[in-house]
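Q: Everything below, folded, please.
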Amino acid sequence: MRVFLLPLLTLLLSLPALPACKANRPAATAPTATDNRQPQQEEPVLSFGRTECFGTCPDYTARFFADGRVEYEGRKHAPVEGNRTVKIDPAIVQQLLREADQIGFYQMREVYSSGAVDLPSTILRITTAKGSKSVRVDDGGPESLRKLFDRLDQEVRKAVGTAADR
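A: Take a look at the predicted model:
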């Protein structure tokens with residue numbers, strides 16, 4: 001019985017000190033009406049990427065968010081290697097979504113491929129209120145889609161600082 005009495009007594013004597021420990025912790029602040037911070041959007045509206053090949057094909061992924069944030073991950077032969085998060089004008093993201101809509105992106109096939117295994121892939125995934133759609137092009141594909149890919153590539157290069165603004 002004496003073995004249990006000492007720990008119990010120690011616990012009871014330390015209880016009054018617990019509120020003092022809590023008081024030393026900084027209080028979490030709730031956002032105020034003047035707080036301009038917005039919660040970051042969870043899902044990208046556009047996810048664009050190119051994969052490596054047996055040569056020097058650029059390998060990177062860029063995720064575009066409606067608020068203009070671009071999360072970039074550059075791997076082998078990418079315009080820039082490493083991870084970056086940059087901010088672009090949200091109007092550019094909206095324009096890219098309009099361009100995808102204008103070319104009938106949601107009606108395109110999911111894969112354009114000739115079956116060759118050494119070709120790089122270009123992948124575009126769009127997620128909006130209309131739903132989510134992915135298209136992967138290994139070879140071929142509609143000309144309008146290839147032009148959209150070129151435009152996305154240009155925006156990625158501008159965002160990470162490897163292309164002049166034209």
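
Q: Point out where this structure drops to low pLDDT.
A: 1-41, 163-166 (pLDDT under 70).

Q: repeat that with 50
A: Low-confidence segments of the chain (pLDDT under 50): 1-13, 15, 17-35, 165-166.

Q: For the residue most central in space within it, give its distance to Pro120.
A: Nearest to the geometric centre of the chain sits Arg63, at 3.9 Å (CA atoms, centre = their mean). Applying CB to CB, to the nearest Å, the value for Arg63 to Pro120 is 19 Å. Backbone N, C-alpha and C define where each C-beta goes, glycine included.

Q: in the longest helix seen in the chain, what's buried?
A: Counting by DSSP state H, the longest helix found in the chain is helix 143-160. Buried residues in helix 143-160, counted by 16 or more other CB atoms under 10 Å: Leu145, Leu148, Phe149, Arg151, Leu152, Asp153, Glu155, Val156, Arg157, Lys158, Ala159, Val160.

Q: Show residues contacting it.
A: For helix 143-160, contacts defined as CB atoms under 8 Å, 6 or more residues apart in numbering pick out 46, 48, 50, 60, 62, 64, 70, 72, 74, 79-80, 84, 86, 88, 92, 96, 99-100, 103-105, 108, 112, 122, 124, 135, 137, 163, 165-166.

Q: bridging residues for the residue nearest to the centre of the chain?
A: With DSSP bridges applied, the residues forming beta bridges to Arg63 are Ser47, Glu71.
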